[in-house]
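1. Curious how this folds, go ahead:
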Amino acid sequence: MIEEPIGVWGSENITFQGVLEHLNVTKDQSDYLWYMTRIYVRDSDISFWEENEISPTLSIDSMRDFMRVFINGRHAGSAKGDWVKVLQPLQLSQGFNDIVLLSETVGLQNYGAFLEKDGAGFRGQVKLTGFKNGDIDLTQSSWTYQIGLQGEFQKFYAVNGDASTKWVEVSKEVLPAGFSWYKAHFDAPDGTDPVVLDLSTMSKGQAWVNGHHMGRYWTLTAPKDGCQENCDYRGAYNENKCTTNCGKPTQTWYHIPRSWLQPSDNLLVIFEETDKTPFDISLKIRFTGTVCGQVSENHYPSLNLWGQLQSSTNTPAAVHLQCDPGHTISSIEFASYGTPQGSCQKFSKGSCHASNSELVVSEACQGRNSCSISVSNDAFGDPCNGVTKTLAVEVQCSAYIGSSASK
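-> Sure, this is the predicted structure:
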């Protein structure tokens, strides 16, 4: 591991009288912008806080999207939101105190009118409240700005990194430290199935594999309420339509393209902003385990058949099922020709059901990578005369024998 320095770490920084807008300073060089200033705290202020049992507070009129506050190199708190007010209690010492604000454009709203003019960072007054002689306005103070992280600009994530970079071996017994870079090596899983990194045990940061940027991760938990039992996207757009996984992390798996991997000695680099440690990160293989189809007999044939047909009514509709490459249909979980109800993984038989449904589907699909089943009375018989029938199928896919994939 390597600890990321807090605040000014390089010679290319600027000093300005006032609080600058984030995006205009960084110019897409980094998501991170450090704001640094210094104040002097008198003995009388310390006594005032102790006598009144209060703490000074950093007040920022408006902030987006994410910020962290550091006092004398120690993390004091954080805030997130879309132009929200920040009130952060501080622990200040007698004498000079370094105040460092880290602004991050992670979670920036990516749609809406005049998006390019919305900006990021801080707006309005930035001040310290709770002092004996009144508030201290920092808005027009002298601020030093540092763009980005040292690890970004020195490319800690590169495969052939700077040999002078001092990586230190770590163990689970070491106390975790925020704002740290971690690296490890791993072998690629066998097979051709998609590979993912499970970052459910981490909090917020970025990841690289063999020098390729996998992206940013932020293991947020979705609100417990708001998921709909029935999803319907029709009508005007609403960001709350068809929400899923209420009360669960919004994302924990991050895809690693197979083309980035070599058989062994792959380099994984993680930058973690909090005190989470990477010992429980895992590498997993994913594939499609469940495949469903639901087609009515009055559905049109697939488009690729139209050019072959005299009339679209000459060929019955069909259910087409296909597993991922290297996998076959291992079991038929549900099959019903008639009036089945529900949706994938929640199918149930209706009042009309052909008793040979599972047998017909099994003969057509079992042990194959893909299959097609005609939705017609010719294939299943007519379980209910005069009723439009539907075929609903749910199958399970498994790897070929000898493959090392796991679902």
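
2. can you give me the offset of the helix or strand containing residue 123 from its chain's centre?
-> Assigned by DSSP states H and E, residue 123 belongs to strand 121-129. A distance of 30 Å separates the centroid of the chain from that of strand 121-129, by C-alpha atoms, centre = their mean, to the nearest Å.

3. Just the buried residues of it, please?
-> 121, 122, 126, 127, 128 (16 or more other C-beta atoms under 10 Å). In short, each C-beta sits where N, CA and C put it, glycine included.

4. Might one say that the second one is in contact with residue 23?
-> Just to be clear, that refers to residue 122. No: between residue 122 and residue 23 no contact is recorded; they are 11.9 Å apart, counting by C-beta atoms under 8 Å.

5. circling back to that earlier point, I'd like the next helix or strand past the strand holding residue 123.
-> strand 136-137.

6. ok, which stretches of the stretch 101-250 of the chain are strands?
-> In the stretch 101-250 of the chain, strands defined by DSSP state E, counting those that start in this stretch lie at 121-129, 136-137, 142-147, 180-186, 195-198, 204-209, 212-218, listed in chain order.

7. mind giving me TSV with these and columns for distance to residue 113 and mean pLDDT?
-> Below are these laid out as TSV (distance: least, C-beta to C-beta, whole Å; pLDDT from 0 to 100):
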stretch	distance to residue 113	mean pLDDT
strand 121-129	19	96
strand 136-137	33	96
strand 142-147	28	97
strand 180-186	39	95
strand 195-198	36	96
strand 204-209	29	96
strand 212-218	25	94
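
8. what's the most buried one of these?
-> Per-stretch averages of neighbours, counted by mean count of other C-beta atoms under 10 Å, single out strand 204-209 among those, with a mean of 22.

9. Specify which member of the buried residues of strand 121-129 is nearest to residue 43.
-> Residue 43 lies nearest to residue 128 out of the buried residues of strand 121-129, by C-beta to C-beta, at 16.7 Å.

10. what pairs with that closest one across the strands?
-> residue 58, residue 136 (DSSP bridges).

11. residue ranges for the helices of the stretch 51-200 of the chain, please.
-> With DSSP state H, counting those that start in this stretch, the ranges of helices along the stretch 51-200 of the chain come out as 150-153.

12. Lowest average confidence across helices and strands of the protein, where is it?
-> Least confident element among the helices and strands of the chain, by mean pLDDT, DSSP states H and E: helix 303-306 (a mean of 61).

13. Quick one: name whatever helix or strand follows that one.
-> Under the assignment DSSP H and E, the closest C-terminal helix or strand after helix 303-306 is strand 318-322.

14. For that next one, name the packing helices and strands.
-> Packing partners of strand 318-322 (3 or more C-beta pairs under 8 Å, 6 or more residues apart in numbering; DSSP states H and E): strand 290-296, strand 370-374, strand 390-399.

15. So for the residue nearest the centre of the chain, what's the pLDDT?
-> The chain has residue 251 as the residue nearest its centroid, 4.2 Å off, counting by C-alpha atoms, centre = their mean. As predicted, residue 251 sits at a pLDDT of 91.

16. Please tell me how far it sits from residue 219.
-> To residue 219, residue 251 is 8 Å away according to C-beta to C-beta, to the nearest Å.

17. Equivalent analysis for residue 201, please.
-> 8 Å.

18. ok, residue 132 touching residue 43?
-> No: with contact defined as C-beta under 8 Å, residue 132 does not reach residue 43; the gap is 10.3 Å.

19. Between these two, point out the one with more neighbours.
-> residue 132 (13 against 9; other C-beta atoms under 10 Å).

20. quick check, nearest of the buried residues of strand 121-129 to residue 298?
-> Nearest member of those to residue 298, counting by C-beta to C-beta, is residue 121, at 57.7 Å.

21. count of residues packed around the residue nearest to the closest one when sequence neighbours are not counted?
-> The spatially closest residue to residue 121, leaving aside those adjacent along the chain, is residue 22, at 3.1 Å (C-beta to C-beta, 6 or more residues apart in numbering). For residue 22, the neighbour count with other C-beta under 10 Å is 25.

22. Would you format the helices and strands packed on strand 318-322 as CSV with distance to residue 236 and mean pLDDT included?
-> Below are the helices and strands packed on strand 318-322 laid out as CSV (distance: least, C-beta to C-beta, whole Å; pLDDT from 0 to 100):
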stretch, distance to residue 236, mean pLDDT
strand 290-296, 27, 95
strand 370-374, 38, 95
strand 390-399, 30, 95
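
23. and these, which is most packed in?
-> strand 390-399 (a mean of 23).

24. which helices and strands sit right next to that one?
-> Using 3+ C-beta pairs under 8 Å, 6+ apart: strand 390-399 touches strand 290-296, strand 318-322, strand 327-338, helix 357-365.

25. Export these as CSV, with columns for distance to residue 229.
-> Formatted as CSV, these follow (distance: least, C-beta to C-beta, whole Å):
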stretch, distance to residue 229
strand 290-296, 18
strand 318-322, 25
strand 327-338, 20
helix 357-365, 26
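
26. ok, residue 147 touching residue 33?
-> Yes: with contact defined as C-beta under 8 Å, residue 147 and residue 33 form a contacting pair (6.0 Å).

27. returning to that earlier point: show me which of residue 201 and residue 219 is the more surrounded one.
-> More crowded of residue 201 and residue 219, by other C-beta under 10 Å: residue 219, with 17 against 14.
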